[in-house]
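Enquirer: sequence and predicted model, in that order:
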Amino acid sequence: MSKTDLKGQDYESVLANASQSVAVFEHRRSSFAHRLQHALHMNPSIVPLIVLVLSIVIFSALLGSKFLSPFALTLILQQVQIVGIVAAAQSLVILTAGIDLSVGAIMVLSSVVMGQFTFRYGIPVPISILCGLLCGTLCGYINGLLVSRVKLPPFIVTLGMWQIVLATNFLYSANESIRAQDIETHAPLLHFFGTKFSIGGAVFTAGVVFMIALVLVLSYALRHTAWGRHVYAVGDDKEAAELSGVKTDRVLLSVYMLSGLICAFAGWAMIGRIGSVSPTAGQLANIESITAVVIGGISLFGGRGSILGTLFGALIVGVFTLGLRLLGADAQWTYLLIGVLIIGAVAVDQWIRKVSV
């Protein structure tokens with residue numbers, strides 16, 4: 001057999017192998033797993049929405065009208081409103097591949113500033129509230145400055161800020177609370193987010209309305225504005241975003257400042273929720289916000305996820321908490337199931353990333 005024939009046979013063999021490889025590749029690309037991965041990648045809030053619906057269905061089957069009633073369902077919204085607002089702030093930071101461990105402390109300090117400025121210094125309530133909002137924004141600005149300009153790791157920066165703000169909170173307030181009766185009598189505007197109104201049998205608060213409106217506005221901004229696209233770009237690949245002309249430092253600074261402002265609003269809402277101004281309130285807000293974000297499908301690696309999913313994540317925690325309480329189960333079961341959900345959410349995120357490669 002001639003050398004030319006051998007080359008011809010080799011060529012045909014390579015061509016056949018290549019055709020088989022392409023066929024296998026096309027098969028893999030069109031497989032159910034890939035289609036599912038693509039759907040989850042494009043709509044990251046699908047999984048938490050499914051979990052939320054299933055949990056409501058299960059608890060409704062177990063508890064009947066005791067759980068599936070307008071009052072009970074809106075009670076869940078009231079219980080998660082603070083976590084939902086803080087989780088929205090946390091989501092913005094995590095989308096940039098960072099993390100903010102100071103959100104809870106910023107929230108509490110902002111509420112303390114609002115209360116102390118009103119009752120200690122006699123400043124008009126609207127101005128005191130504005131000072132509290134500026135305080136939260138300033139804390140976020142310092143975080144953003146250290147992360148974007150000084151290039152310190154977000155975990156270290158916000159861990160340090162958490163300790164600093166927490167200490168400042170206790171030193172400034174002298175660990176004293178402002179009673180609900182005093183607020184109701186002299187500064188009812190501080191209770192604004194606790195204002196309740198009924199629609200049928202459902203009871204809503206201004207805080208719940210604010211949480212939902214905040215999520216919708218942020219969702220629109222992230223999906224349909226240049227700033228939102230830049231936030232995703234920074235979280236996905238900061239170096240590539242810089243090469244494409246995105247001012248990454250400015251984006252990071254704006255994200256941390258907005259996060260601080262949202263936390264300050266959460267502090268105002270917390271006054272309306274608990275009735276008083278307490279420097280010891282909201283101690284678990286950091287963990288609870290991260291829990292809602294992770295269960296809501298936002299990737300801890302940044303660049304992927306949805307604020308709407310975060311809201312679903314917060315509601316899932318609320319559904320499990322209320323459902324298990326009505327069933328008379330020990331509170332530890334709530335932590336156990338939420339822990340399983342957290343690990344499961346991270347596993348799903350890792351799976352999506354592996355299949356998408």
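Expert: Nice, I can see it.
Enquirer: any regions of the chain where pLDDT drops low?
Expert: Scanning the chain for pLDDT under 70 picks out 1-30, 32-33, 36-42, 353-357.
Enquirer: which residue ranges of it form strands?
Expert: 196-199, 202-205 (DSSP state E).
Enquirer: using PDB, write down the CA coordinates of the first one.
Expert: Once non-C-alpha atoms are left out, strand 196-199 reads as follows in PDB (Å, rounded to 0.1, in the frame of the first residue of the first chain):
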ATOM      1  CA  LYS A 196     -50.300  49.000  59.300                       C
ATOM      2  CA  PHE A 197     -53.100  48.800  56.800                       C
ATOM      3  CA  SER A 198     -55.500  46.000  55.800                       C
ATOM      4  CA  ILE A 199     -56.600  44.700  52.400                       C
END
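Enquirer: list the helices and strands that strand packs on?
Expert: On a contact count with 3 or more CB pairs under 8 Å, 6 or more residues apart in numbering; DSSP states H and E, strand 196-199 meets strand 202-205. For glycine as for every other residue, the C-beta is placed from the backbone atoms N, C-alpha and C.
Enquirer: now the last one
Expert: Counting contacts by 3+ CB pairs under 8 Å, 6+ apart, strand 202-205 packs against helix 70-95, strand 196-199.
Enquirer: distance between that strand and the chain's centre?
Expert: 23 Å (CA atoms, centre = their mean, to the nearest Å).
Enquirer: pairing partners for it, with directions?
Expert: Counting by DSSP bridges, the strands paired with strand 202-205 are strand 196-199 (antiparallel).
Enquirer: quick one: contacts of the partner strand?
Expert: V203, F204, T205 (CB atoms under 8 Å, 6 or more residues apart in numbering).
Enquirer: most neighbours among those residues, please name it.
Expert: Counting neighbours by other CB atoms under 10 Å, the top entry in these is T205, with 21 neighbours.
Enquirer: from T225, how far off is the spatially closest residue to V51 that is not a sequence neighbour?
Expert: Leaving out its chain neighbours, the residue that sits closest to V51 by CB to CB, 6 or more residues apart in numbering is I316, at 5.7 Å. Distance, I316 to T225, by CB to CB, to the nearest Å: 28 Å.
Enquirer: which of these two has more neighbours?
Expert: I316 (28 against 11).
Enquirer: wait, the more buried one touches L52, no?
Expert: Yes. Applying CB atoms under 8 Å, one finds I316 in contact with L52, separated by 5.1 Å.
Enquirer: isn't K66 up against A72?
Expert: Yes. Applying CB under 8 Å, one finds K66 in contact with A72, separated by 7.1 Å.
Enquirer: those two: who's more crowded?
Expert: More crowded of K66 and A72, by other CB under 10 Å: A72, with 20 against 13.
Enquirer: distance across stretch 56-75, terminal residue to terminal residue?
Expert: End-to-end distance of stretch 56-75 (CA to CA, to the nearest Å): 14 Å.
Enquirer: returning to what we had before: looking at the strands of the chain, which is closest to D349?
Expert: Closest to D349 of the strands of the chain, according to CB to CB: strand 202-205, at 32.6 Å.
Enquirer: and for that closest one, what's in contact with it?
Expert: 70-71, 73-75, 77-78, 81, 193-198, 272-273.
Enquirer: now F265: how far from S259?
Expert: 11 Å.
Enquirer: those two: who's more crowded?
Expert: Taking other CB under 10 Å, F265 and S259 do not tie; S259 has more neighbours (31 against 24).
Enquirer: picking up where we left off before, distance of the residue nearest to V51 from S306?
Expert: Distance, I316 to S306, by CB to CB: 14 Å.
Enquirer: neighbours around the nearest residue to A105 once chain neighbours are set aside, how many?
Expert: Take A105 and drop its neighbours on the chain: the residue closest to it by CB to CB, 6+ apart is V165, 3.9 Å away. Look at V165: counted by other CB under 10 Å, it has 25 neighbours.
Enquirer: want to throw the helices and strands packed on strand 202-205 into JSON lines with distance to S111?
Expert: JSON lines is the format used below for those (distance: least, CB to CB, whole Å):
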{"stretch": "helix 70-95", "distance to S111": "11"}
{"stretch": "strand 196-199", "distance to S111": "20"}
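Enquirer: for F320, find the nearest of the ones you listed.
Expert: Nearest to F320, of those and by CB to CB, is helix 70-95 at 9.9 Å.
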